[in-house]
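S.K.: Generate coordinates for the sequence data below:
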Amino acid sequence: MMRTLLSIFAFSALASATTYHLTVFAPGTDVDGALLNAAGQGFYAGVSGPATYCPQSVSNCPEVQGTLVHESMSGMAVTVPGGQKIFVSSTGQVQYVQAHSAYIPPGSFAGGWYNKTIVSDCEPNRDVVDFLSTDGSNFGGVKLCRDVPEFMAGTGASYVLYAATTGFNRTDCVDTLGLTLHGHEVESGCWQYI
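M.R.: You can find the predicted model right below:
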């Protein structure tokens with residue numbers, strides 16, 4: 001009876017969540033459980049929090065709640081008008097558009113995210129989000145790569161989030177089984193991510 005109640009509570013908590021923060025699911029690696037934060041139009045492990053902005057002209061800037069995304073990985077959970085869509089660049093980096101812009105570079109993927117369940121005989125089943133390119137090439141998977149951009153030096157960034165595409169050619173990466181979504185009952189993580 002108690003187990004049934006706990007299952008119902010767990011399901012209702014996830015069902016009522018409107019936004020999610022992301023951690024990496026890669027058992028047996030040094031990136032397993034790593035929290036991903038938004039910065040520099042990408043997602044990074046190792047930074048202490050997201051890079052955010054709210055202009056002084058906004059009278060009630062929302063309190064920063066961390067890096068939050070929508071369930072389908074379609075966009076960042078932000079308050080800025082027009083939102084910030086998430087996309088996978090042609091070379092595989094998982095990115096988001098700048099505020100007040102809908103520009104997604106040619107060759108990028110604006111979708112391809114899907115839910116899957118990892119089944120194990122030794123551990124509880126785990127629901128994760130994974131990526132499969134939408135161009136028919138059947139390239140896919142989520143990776144964390146060590147070589148972070150130079151502009152992120154000094155931020156603590158140790159890994160950058162990538163998805164496998166036909167243009168992906170990095171060799172410094174850790175394969176993951178997917179991203180774990182952790183539900184929040186807030187509508188946005190901030191005004192905008194930068």
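
S.K.: Show me what counts as buried in stretch 127-145.
M.R.: 128-133, 139, 141-145 (16 or more other CB atoms under 10 Å). C-beta coordinates here come from the backbone N, C-alpha and C atoms, glycine included.

S.K.: Would you mind checking which helix or strand in the protein has the lowest mean pLDDT?
M.R.: In the chain, no helix or strand scores lower on mean pLDDT, DSSP states H and E than helix 2-16, which sits at a mean of 38.

S.K.: which is the next helix or strand following it?
M.R.: Next helix or strand after helix 2-16 toward the C-terminus (DSSP states H and E): strand 19-25.

S.K.: Need the three-state assignment for the residue lying closest to residue 166 once chain neighbours are set aside.
M.R.: Distances taken as CB to CB, 6 or more residues apart in numbering place residue 137 nearest to residue 166, at 5.0 Å, with adjacent residues excluded. When classified by DSSP: H, G, I helix; E, B strand; the rest coil, residue 137 comes out as coil.

S.K.: So residue 137 sits against residue 164, correct?
M.R.: No - with contact defined as CB atoms under 8 Å, residue 137 does not reach residue 164; the gap is 9.6 Å.

S.K.: what is the residue nearest the centre of the chain paired to in the beta sheet?
M.R.: For the chain, the residue nearest the mean C-alpha position is residue 22 (5.2 Å; CA atoms, centre = their mean). On the basis of DSSP bridges, residue 22 is bridged to residue 181.

S.K.: Distance-wise, check the closest residue to residue 103 other than its chain neighbours relative to residue 75.
M.R.: Leaving out its chain neighbours, the residue that sits closest to residue 103 by CB to CB, 6+ apart is residue 97, at 6.2 Å. For residue 97, the distance to residue 75 equals 9 Å [CB to CB, to the nearest Å].

S.K.: in the protein, which ranges drop under the pLDDT threshold?
M.R.: Flagging of the chain using pLDDT under 70 yields the residue ranges 1-17.
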